[in-house]
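Peer 1: Fold the following for me, if possible:
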Amino acid sequence: MSPAAEYLFVYGTLRSDIPSSMSKFLRRRAGLVGKATATGRLIDLGGYPGFVRGSGTTKGELYRINPERAEETWQLLDAYEGVSGLSSEQYRKATVEVQVAGGGKFRAQTYEYQRGDAGKKTEIPNGDYPPYYRTNPEHQKFTGH
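Peer 2: So this is what the prediction gives:
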C-alpha cells in the first residue's frame, strides 16, 4: 500500500467538479489518481462539508501530491482547511484508506471533522458533495460562485 503522505483524498470544495480557487490550485500541484471512496459520512457544516469516519461511504477524488513542491503544497492546504494541529480546530489531518474506482487501495491524508457535534449536523445524501453543492446557495457563496 502507498505511503499516505504522498496522497490526498478530497470530498468537498477541493474536488475538481467544484468551482473553487483551491480546487484549481490542487490540480496544478497534484495529479488526479482517480475517483475514490472512503468509509465515513459527509455532513453539512453551513457552507462546506465535513468528513466523519464511521459507517457509510464518502465519494471523492484521490490526488498524488507532486513531490517537488510537496511541503509548500501541504502547508497551503493546511492553511485553507485551518489545520495547525490544535484539538480546538474544526478539522484535523488524518490517514484513511481509500478505494479507487477501477481498482487499488491507497492510504491517503484527508481533512476530517473533529468536533463532537457531528451527530447533530445534516448528513449530505449519498456521501456525494457535488449534487448537494449545486442545490445549496450557502455552499456556492462559500466558493464564490
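Peer 1: and the single longest strand found in the chain, average pLDDT?
Peer 2: The strand that spans the most residues within the chain, counting by DSSP state E, is strand 49-65. Mean per-residue pLDDT for strand 49-65: 96.
Peer 1: Output the contacting helices and strands for that strand.
Peer 2: When contacts are defined as 3 or more CB pairs under 8 Å, 6 or more residues apart in numbering; DSSP states H and E, strand 49-65 sits against strand 7-10, strand 30-44, strand 91-100, strand 105-113, helix 129-134. C-beta: built from backbone N, CA, C; applies to glycine.
Peer 1: so the third one versus strand 49-65, what angle?
Peer 2: Translated: strand 91-100. Strand 91-100 and strand 49-65 are oriented at 60 degrees to each other (axes from the mean of the first three to the mean of the last three CA atoms, to 10 degrees).
Peer 1: who are the neighbours of strand 91-100, in terms of helices and strands?
Peer 2: Against strand 91-100 (3+ CB pairs under 8 Å, 6+ apart) you get strand 7-10, strand 30-44, strand 49-65, helix 70-81, strand 105-113.
Peer 1: my guess is Gly46 contacts Glu138, does it?
Peer 2: Yes. Between Gly46 and Glu138 there is a contact under CB atoms under 8 Å: 6.4 Å.
Peer 1: Okay, now the unreliable bits of the protein?
Peer 2: 1-4 (pLDDT under 70).
Peer 1: Now do the SS call for Ala5.
Peer 2: At Ala5 the chain is in helix, as set by DSSP: H, G, I helix; E, B strand; the rest coil.
Peer 1: Great, nothing more from me.
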